[in-house]
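Student: With the sequence up front, the predicted model follows.
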Amino acid sequence: MDKLQSQHNTICNKLNNNLIKLKIMKKVLLIFVAMVTTLLSYSQEADAVSGATQTYKPDGNSLYHRTEETRLKIGELWVEGEVQNPGRINLEKLYKRDVFYKEAIPDDSGKINFIGANRYVGYSLFDLLNGFIIEKKNTDTFRPATDLFIVIENDQNEEVTFSWAEIFYTNIPHQVIIATESAPIEPYKCKVNYPTGNTWKLVAANDLYGYRMLENPVKITVKSFDKKDYTINRNLRNTFSPKVDVVVDDKLVMIIDSNSQFPTPQEKYKSVFYGMGQGYHPIPEFNGVELGPLIEKIMNKNTASWMSNGLVCFSGLDGYRVIYSYSELFNRVDQVQAILATENKSGESGYFRIYHPDCFYGDMSVKCLAEIFLFKE
């Protein structure tokens, strides 16, 4: 009798345990269903190449996401030059980003040739190049990466250039992408038919005019400035540079000094000045003359070529230098100007320094400025 009672109790305990397990599984299933429902409500779709990519519903507040995307043909992309690990870019683990761009190019008369307004989806140069560790050929003489730039080439041997800084040292990164999808941004009062193209393309959404649009890019080459030698001297006692030589393709075309006639009023920028090494510096503002009007006096030809391929090296009296692209300085959609800021006039520092408020790092601001060297790669 006791044995039967014991068996009965064992069976009851097992049944109770099974019921508890079933209840737990039911709760887990309900939680899982709720999670899936929530994810679906955000329209999160898996992309075959890039993994999870967040999308927006066409009936939301965004005016940029109301049209369907056209997929562009993707090719192979290689990284070469001054990197430790050159080779083909693997897209499988990269997320896609989108940018919004109004593409237009002025003709020789200045009339704007409007091409279209599109949302582009693709891989940012920041993400594409982040894993290719730089290995500068001039590290022994100049270690900072501020003199780096990149050349992007397509299958037709067409090239465009970017500074390393506008990809990695800007306040607003991920604005230069290689687009794999395109969707028109349509006005609601008229019908439009903007061209999309067939192959993936380079899009610089921070450019005002589309000089650096490039169909079917195949190669990115990382380079350091080597057009001339600037001797590094970290022990200069007198860092006052009384003048700035402006050189175009190895020809001296202008000299800027404290007696030069500058337009007024001059530009003033508030600053939170932050360096790569020492962090914050208490330099609350910069005052100076806009660089653009000064350069326009000597650069009145081949605008398209300079916007596509032009680069500018700013060097100080001590040999320190930085590279900006020509479009980064003079073809900006935000139209924010770099300035030649005037510094201490006591003879201990200055007289000019380059300053651009779009740069996150103060390392791109060269003091005791001695030369502005414009060139095309």
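Tutor: Received, thanks.
Student: how near is residue 299 to residue 326?
Tutor: 9 Å (Cβ to Cβ, to the nearest Å). Every residue, glycine included, has its C-beta placed from N, CA and C.
Student: cool, residue 189 as well?
Tutor: Counting by Cβ to Cβ, the gap from residue 189 to residue 326 is 37 Å.
Student: With neighbour numbers in mind, choose between those two.
Tutor: Just comparing residue 189 and residue 326: by other Cβ atoms under 10 Å the higher neighbour count belongs to residue 326, 24 against 5.
Student: Can you give me the distance of that one to residue 225?
Tutor: Residue 326 is 14 Å from residue 225, by Cβ to Cβ.
Student: So, low pLDDT: which residues of the stretch 51-200 of the chain?
Tutor: Low-confidence segments of the stretch 51-200 of the chain (pLDDT under 70): 51-54.
Student: where along it do the strands fall?
Tutor: 51-54, 70-71, 78-81, 87-88, 97-106, 112-124, 148-154, 159-163, 176-184 (DSSP state E, counting those that start in this stretch).
Student: now the stretch 251-377 of the chain
Tutor: 251-257, 267-270, 273-275, 279-281, 285-290, 310-316, 321-325, 339-342, 352-355, 369-376.
Student: show me the residues around residue 278 that make contact.
Tutor: Listed by Cβ atoms under 8 Å, 6 or more residues apart in numbering, residue 278 has no contact partners.
Student: per-residue pLDDT, it?
Tutor: Among the per-residue scores, residue 278 holds a pLDDT of 94.
Student: Same check on residue 18?
Tutor: What the model reports as pLDDT for residue 18 is 59.
Student: Quick check, residue 283 in contact with residue 270.
Tutor: No: in this structure residue 283 lies outside contact range of residue 270 using Cβ atoms under 8 Å: 10.2 Å.
Student: what about the two, which has more around it?
Tutor: Taking other Cβ under 10 Å, residue 283 and residue 270 do not tie; residue 283 has more neighbours (15 against 8).
Student: show me what contacts the more buried one?
Tutor: Shown in contact with residue 283 (Cβ under 8 Å, 6+ apart): 271, 273, 362.
Student: Could you rank the residues you listed by neighbour count and give me the top one?
Tutor: Busiest of the contacts of residue 283 [other Cβ under 10 Å] is residue 362, holding 20 neighbours.
Student: Now for that residue: which residues touch it?
Tutor: Residues near residue 362 by Cβ under 8 Å, 6+ apart: 273-275, 281, 283.
Student: try residue 197
Tutor: Neighbour list for residue 197: 72, 182, 215 [criterion: Cβ under 8 Å, 6+ apart].
Student: tally of neighbours for the nearest residue to residue 258 once chain neighbours are set aside?
Tutor: Distance criterion Cβ to Cβ, 6 or more residues apart in numbering; nearest residue to residue 258, sequence neighbours excluded, is residue 351 at 5.4 Å. Neighbours of residue 351 under the rule other Cβ under 10 Å: 22.
Student: how near is residue 351 to residue 67?
Tutor: Taking Cβ to Cβ, one finds residue 351 at 53 Å from residue 67.
Student: Likewise for residue 231?
Tutor: Going from residue 231 to residue 67 by Cβ to Cβ gives 56 Å.
Student: of these two, who's got more company?
Tutor: Just comparing residue 231 and residue 67: by other Cβ under 10 Å the higher neighbour count belongs to residue 67, 15 against 7.
Student: hang on, that one packs against residue 183?
Tutor: Yes: assessed by Cβ under 8 Å, residue 67 is found in contact with residue 183 at 4.7 Å.
Student: Residue 87 is nearest to which of the strands of the stretch 251-377 of the chain?
Tutor: Nearest to residue 87 among these is strand 321-325 (24.4 Å), distances taken as Cβ to Cβ.
Student: Quick one: mean pLDDT over the closest one.
Tutor: Mean predicted confidence for strand 321-325 is 98.
Student: what packs against that strand?
Tutor: In terms of contacts (3 or more Cβ pairs under 8 Å, 6 or more residues apart in numbering; DSSP states H and E), strand 321-325 is packed against strand 148-154, strand 159-163, helix 165-168, strand 310-316.
Student: right, so of those, which gets closest to residue 113?
Tutor: strand 159-163 (18.3 Å).
Student: hang on, isn't residue 255 packed against residue 247?
Tutor: No: with contact defined as Cβ under 8 Å, residue 255 and residue 247 do not form a contacting pair (10.2 Å).
Student: Of these two, give the one with the bigger neighbour count.
Tutor: Relative neighbour count places residue 247 above the other of residue 255 and residue 247, with 18 against 10, counting by other Cβ under 10 Å.
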